[in-house]
Structures are given as structure tokens and as C-alpha cells.
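K.L.:
Here is a sequence with its predicted model. Questions after.
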Amino acid sequence: MGRLFTQRKNIHTTLDQDTHRLLVSQSEVYGGMNQAIKCGLERLCDKSGLGVNCSDIGENNYEIKRLKIGILKLDQAIKGGVPEGFVVVIRGKPGVGKTTLCLYFIREGARVGEKCLFFSFIEPARQIISLYKQIFDNSHQDLLRFYSGWGLSLDNILSIIRDYAPSRIVLDSVNLQPGGLFRENLLWRNFWEHVKTHRITCFITEIQTTHPTEFDYVSDGVLTLTKKSGSSDVFTEVSKMRLTHIPTNALSLKLWEK
């Protein structure tokens, strides 16, 4: 199969100082000025309702980069990991292992050189760090930042994310983050738009309820965790994962094994 070459055209234009400064800053995020301009124009097309043709997306433009969670059996079940830039809900009853699963996720990110943020709305940050060290000792901590979410608004969280520019984020647990319905909350929509635009992969935990929540519908993936009485195994059902052929059976995981 021959190599595919992208046809380029030289376009000369004049930018004012503010526009040039913005373009330079965004080129650092997107990996070049061409890519920054392209992403900006794609967003304008999406918002204007112009749509995208199938022919606009070449074979090389639709490669799915997957980020490993760090648990071999689970990564294999979802074809190598979570697609980059996905927002995934981790749901289950209290004590089932949602936080622990998220620690695997950020530890794997740090192991491969990615910056990661963990916001805890349940336990103090020091307690989460202690749990991390119990499971993983002191490995790969330099790229990890933990925050106690108490007293942090979504605006505060978004500011921290913008300043640190992480590849992976955990919000634990969204049930304890005030804000009301997602579609009615501008701050939640701003958060969602930011992580999507910058292709930040995000795990959000929630306490399982009888009926699906709004986050279950708008998220790209849902992992449901359960435990059987008397067993240390955590059974993980991939209830949803876009762009992925998901397994039909729940996976039995041992989350405390190093």
C-alpha cells in the first residue's frame, strides 16, 4: 500500500498581534500552527451545523489512540485501552473499588510520562495518596497531583486543569460535586468542552443508582463495578465504550495485585 501524501497550499495572510499570540499558544497544545488552525475550523463547522463529509476523514486521520488503564485483563477486553479524549464514568456501590481503579488509571499515565490530576470530593488528598502508596509504593509520583475537592468550584477545577495541562483527570465522586443537571449548568458544559477540545481522558466516578444518570448518557464509556459477598474480586462490566467492541461478560479483577 502506497504512502498517502497530504496536499498543502501556501496561504499568505496578516495577523494582528493578539491573534498571532493566540495561534502560537494553541500551536503548543495541538502540535503545530496548521493543526491548531485545522482544529479551530473543525469546531466552527461543528457549531455552525455545516457537518463533515465522510470523504473529509482520511484513513490516517481516524486512527484511534488508546490509553491503557493499567490493568491487563481490562485493557485487553477494550482493545488496548480507552480511546484518547474519552470521558468514562466508573460507577458502583460505595467500597466496591472505584477509587482504586482510578488510581491504576493515573498511575499508568504517569508511568508513560503523562501528567495526571486527581480531584477527590470524598476523602482528603493525603488519604488518597496513602492509598496510592499502599498499592504502588512510591513509583511514578512526579507527574501526579492530588487535590481535596472540598471547597473547589468547577471554575477552580477548570483553572487548575488549564494551568497544569494534564493528559488524564479523575473526578471522584461526581455525586458530591454540586452543580445540578449537566445540560443546565454552564460550568459543567465549559469543563466538558475543555477536556474534549484538548483530548484529555477523564474518569468520573459515581455511586450507582437504580436508573442511569445524565452522565451515563453523555459520557463516552461506562464501567460498572460490583462485588460478590465474601470475595475480594471486583467484577467489571463494560456497559458502554464508544468506538469499541465491548465484551458481553463481566470481568473478574483483582485490584490490589501489583
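P.N.:
Good, I have the coordinates.
K.L.:
Contacts only, for the residue lying closest to residue 143 once chain neighbours are set aside.
P.N.:
Spatial nearest neighbour of residue 143, excluding adjacent residues (CB to CB, 6 or more residues apart in numbering): residue 110 at 4.2 Å. Using the backbone N, CA and C atoms, a C-beta is placed for each residue, glycine as well. If you count contacts by CB atoms under 8 Å, 6 or more residues apart in numbering, residue 110 has them with 116, 140, 141, 142, 143, 144.
K.L.:
redo that, cut-off 7 Å
P.N.:
By CB atoms under 7 Å, 6 or more residues apart in numbering, the contact set of residue 110 is 116, 140, 143, 144.
K.L.:
what's the most distant pair in these?
P.N.:
Maximum pairwise distance in those, criterion CB to CB, is 9.4 Å, between 116 and 140.
K.L.:
Comparing those two, which residue is more hemmed in?
P.N.:
residue 116 (24 against 18; other CB atoms under 10 Å).
K.L.:
now the helices: where do they sit in the stretch 151-258 of the chain?
P.N.:
154-164, 186-197, 214-218 (DSSP state H, counting those that start in this stretch).
K.L.:
Tell me where the stretch 1-150 of the chain has helices.
P.N.:
Counting by DSSP H, counting those that start in this stretch, the helices of the stretch 1-150 of the chain are 17-30, 33-48, 72-77, 98-111, 125-136.
K.L.:
of all those, which lies closest to residue 249?
P.N.:
helix 72-77 (9.2 Å).
K.L.:
What residues of that closest one count as buried?
P.N.:
Across helix 72-77, burial judged by 16 or more other CB atoms under 10 Å covers 74, 75, 77.
K.L.:
mind putting these in a markdown table, distance to residue 121 and pLDDT included?
P.N.:
Listed next are the buried residues of helix 72-77 as a markdown table, based on distance: CB to CB, whole Å; pLDDT from 0 to 100:
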| residue | distance to residue 121 | pLDDT |
| --- | --- | --- |
| 74 | 24 | 96 |
| 75 | 27 | 97 |
| 77 | 29 | 95 |
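K.L.:
With respect to residue 68, which of those residues is nearest?
P.N.:
Among the buried residues of helix 72-77, and counting by CB to CB, the member closest to residue 68 is residue 75, at 4.9 Å.
K.L.:
Am I right that the closest one is in contact with residue 68?
P.N.:
Yes: if you go by CB atoms under 7 Å, residue 75 and residue 68 touch, sitting 4.9 Å apart.
K.L.:
hey, what's in contact with both of those two?
P.N.:
In contact with both residue 75 and residue 68: residue 81, using CB under 7 Å, 6+ apart.
K.L.:
on that earlier part again, tell me the most buried of the helices of the stretch 1-150 of the chain?
P.N.:
Burial of the helices of the stretch 1-150 of the chain is given as mean neighbour count (mean count of other CB atoms under 10 Å); helix 98-111 ranks first at a mean of 23.
K.L.:
Export that helix to PDB, keeping only CA atoms.
P.N.:
Coordinates of each C-alpha in helix 98-111 appear next as PDB, following Å, rounded to 0.1, in the frame of the first residue of the first chain:
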ATOM      1  CA  LYS A  98     -14.000   2.800  42.000                       C
ATOM      2  CA  THR A  99     -11.300   5.000  43.500                       C
ATOM      3  CA  THR A 100      -8.700   2.200  43.300                       C
ATOM      4  CA  LEU A 101      -9.500   1.600  39.600                       C
ATOM      5  CA  CYS A 102      -8.900   5.300  39.000                       C
ATOM      6  CA  LEU A 103      -5.600   5.200  40.800                       C
ATOM      7  CA  TYR A 104      -4.500   2.400  38.300                       C
ATOM      8  CA  PHE A 105      -5.600   4.800  35.500                       C
ATOM      9  CA  ILE A 106      -3.400   7.700  36.600                       C
ATOM     10  CA  ARG A 107      -0.500   5.600  37.700                       C
ATOM     11  CA  GLU A 108      -0.400   4.100  34.200                       C
ATOM     12  CA  GLY A 109      -0.500   7.600  32.800                       C
ATOM     13  CA  ALA A 110       2.400   8.700  35.000                       C
ATOM     14  CA  ARG A 111       4.400   5.600  34.100                       C
END
